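> pasting the structure only:
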């Protein structure tokens, strides 16, 4: 009996498959046939606490570089413009970085699934450092803009690769807790960027804002690379669909240019903007057509469907879009209604950025312990929507406005860890980088769209020309405070509507079980 039981577990030799069956099996996606493509689980060989701490610190330092260089140039732009005697193209120093970073986010995410995380983190940091050096030694404005584009290629790859490496290091249930660390780094980098840039430009030389990236990048690589060999590898070598990748990047760049130039450089109904919108749509349609026919498309469209991905992508995009749009437009509100200075208006943004990190920390810790982990984000986004309505229908003193804005940010912050982990938990291990890159791509597009939409709301409400990017100071005194308050009520209402949509998406999103210990504890980064 025992002998028979042992034999019954051995696979039978059925011989070669018929040609027709073999051909049909060969057409099936690799994901269907691969045993490794189960939903994300804890790494098979867990790293030690010290190794996880070292990896996380190095990834935080890497992300700090990307966050810092999105804002550090802003306060140094006047100094750069005076040296190069060119102020008309100054905005491109920032725009080139953002355009390049948005376009390559899905590229690096997908390539990390093909060639591995180590190769992509080295590539992204190398491009970032090379761009920083060229920016520091740029002899004129055109070269500086091109160098910033190269720097953006590296910076845009850092975010998705860092989030993908974290998915390889810790289980889904533990992963949400680390969102607070990375949210804090992003917040600190965004706040310190303008301060450091202004100090360097005023007291040293503007090129120092780029030279400082070299030792930081070297330190990040020195900490990370020795540990990369111990991180479980889940990438799968396959043919790269370069044509699909180029189509995706081209449509993103054209769409971003529409959002950047529309209503500022060109009227929204001008032939130039309409032609660019047509080009962006044509490129996007061509990409979808190609992706449906390619054997292994650059971005598999089925990844973006189902019961998790579309809802998580929309909810995360709405949350980040509302936060970015308010961050860009609120200084105008503070300066015109409450008569704050530019620096005071910048400080008044801290509650929005800082408290959202607390919301992310609360959601991350809840995910580590609760079975129904998405409820914290549903409650948080609903609370944020109510706070947005409070901002819409009430006139508050500054202190009360800041308190209500902090409450709004607390609910908004709960969205990020739930959406990130739910997306990564819904796909196979060999596709985590692809879905993470797509998430960052759509979030960037949503942020740019929201900034443009909020600006359009203000322009329509005020009937005045209010340029973006903080160049509005000359027009503030001509606008009555009452008119500005009324215009911003529509902005706050739009933010509340976005959070209500995020809450609805989270309610509809499937809540799949998270693998990992039920009472996971994060690594203490202070040790």
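Thanks, I have it. These numbers were taken from a predicted model, which means no experiment stands behind them.
> Show me the shaky parts of the stretch 401-527 of the chain.
For the stretch 401-527 of the chain, the stretches flagged by pLDDT under 70 are 463-479, 515-527.
> just the chain next, same as before
1-47, 88, 180, 232-236, 342-343, 463-479, 515-527.
> report the longest helix in it, please.
The single longest helix within the chain, with elements called by DSSP state H, is helix 432-462.
> list the buried ones in it?
432-455, 457-459, 461-462 (16 or more other CB atoms under 10 Å). No exception for glycine: its C-beta is placed from N, CA and C like everyone else's.
> Would you mind giving both backbone torsions of residue 270?
Backbone torsions of residue 270, given as degrees, to the nearest 10, read phi -70, psi 150.
> Over to the one 10 residues further on?
As for residue 280, its main-chain torsions (degrees, to the nearest 10) stand at phi -60, psi -40.
> same deal with residue 333?
Dihedral angles (degrees, to the nearest 10) for residue 333: phi -70, psi -50.
> And residue 510, by the same measure?
Dihedral angles (degrees, to the nearest 10) for residue 510: phi -70, psi 140.
> List the contacts of it.
By CB atoms under 8 Å, 6 or more residues apart in numbering, residue 510 lies in contact with 306, 307, 308, 426.
> those helices in the stretch 201-350 of the chain, which residues are they?
Assigned by DSSP state H, counting those that start in this stretch, the stretch 201-350 of the chain shows helices spanning 208-211, 213-228, 242-261, 271-293, 309-337, 342-347, 350-369.
> now those helices in CSV, with mean neighbour count and distance to residue 67?
Below are the helices of the stretch 201-350 of the chain laid out as CSV (neighbours: other CB atoms under 10 Å; distance: least, CB to CB, whole Å):
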stretch, mean neighbour count, distance to residue 67
helix 208-211, 21, 14
helix 213-228, 17, 12
helix 242-261, 20, 19
helix 271-293, 15, 27
helix 309-337, 23, 13
helix 342-347, 14, 16
helix 350-369, 22, 11
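> Make a markdown table from those helices and add distance to residue 376 to it.
Formatted as a markdown table, the helices of the stretch 201-350 of the chain follow (distance: least, CB to CB, whole Å):
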| stretch | distance to residue 376 |
| --- | --- |
| helix 208-211 | 38 |
| helix 213-228 | 31 |
| helix 242-261 | 32 |
| helix 271-293 | 34 |
| helix 309-337 | 13 |
| helix 342-347 | 29 |
| helix 350-369 | 4 |
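> I'd like to know which of these lies nearest to residue 500.
Closest approach to residue 500 among those is made by helix 309-337 (8.9 Å; CB to CB).
> ok so, going back, can you give me the angle the longest helix of the chain makes with helix 242-261?
On the basis of axes from the mean of the first three to the mean of the last three CA atoms, to 10 degrees, helix 432-462 is oriented at 20 degrees to helix 242-261.
> centre of the chain versus helix 432-462, how much separation?
10 Å (CA atoms, centre = their mean, to the nearest Å).
> Which elements pack onto it?
Using 3 or more CB pairs under 8 Å, 6 or more residues apart in numbering; DSSP states H and E, the elements in contact with helix 432-462 are helix 91-115, helix 141-169, helix 242-261, helix 309-337, helix 415-425, helix 481-508.
> re the thing from before, quick one: which two of the contacts of residue 510 are the most distant?
The most widely separated members of those, counting by CB to CB, are 307 and 426 (8.2 Å).
> which residues sit in contact with residue 407?
By CB under 8 Å, 6+ apart, the neighbours of residue 407 are 355, 383, 387.
> do that again at 7 Å, thanks
residue 387 (CB atoms under 7 Å, 6 or more residues apart in numbering).
> so the host helix or strand of it versus helix 350-369, what angle?
Here residue 407 sits within helix 398-413, counting by DSSP states H and E. On the basis of the same axes, to 10 degrees, helix 398-413 is oriented at 30 degrees to helix 350-369.
> Run the angle between helix 398-413 and helix 309-337 for me.
Counting by the same axes, to 10 degrees, helix 398-413 lies at 170 degrees to helix 309-337.
> now helix 398-413, how far from the chain's geometric center?
The chain centre lies 22 Å from the centre of helix 398-413; the measure is CA atoms, centre = their mean.
> before we move on, what about stretch 385-392?
That offset, for stretch 385-392, works out to 25 Å (CA atoms, centre = their mean).
> circling back: now restrict the contacts of residue 510 to buried residues only.
Among the contacts of residue 510, those buried by neighbour count (16+ other CB under 10 Å) are 308, 426.
> Please convert the contacts of residue 510 to TSV, extending it with distance to residue 411.
Converted to TSV, the contacts of residue 510 look like this (distance: CB to CB, whole Å):
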residue	distance to residue 411
306	26
307	24
308	21
426	24
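> how about the helices of the stretch 201-350 of the chain, which one is nearest residue 119?
Among the helices of the stretch 201-350 of the chain, helix 213-228 sits nearest to residue 119 (CB to CB), with 9.8 Å.
> who are the neighbours of that closest one, in terms of helices and strands?
If you count contacts as 3 or more CB pairs under 7 Å, 6 or more residues apart in numbering; DSSP states H and E, helix 213-228 packs onto helix 49-71, helix 117-136.
> quick check: angle from the last one to helix 141-169?
Angle, helix 117-136 to helix 141-169, by the same axes, to 10 degrees: 160 degrees.
> for helix 117-136, which positions count as buried?
So helix 117-136, judged by 16+ other CB under 10 Å, has buried residues 117-118, 120-125, 127-129, 131-136.
> which one is the residue nearest the centre of the chain nearest to, not counting chain neighbours?
Nearest residue to the geometric centre of the chain (CA atoms, centre = their mean): residue 440, 3.8 Å. Leaving aside its chain neighbours, residue 440 sits nearest to residue 105 (4.1 Å; criterion: CB to CB, 6 or more residues apart in numbering).
> Many thanks, we can stop here.
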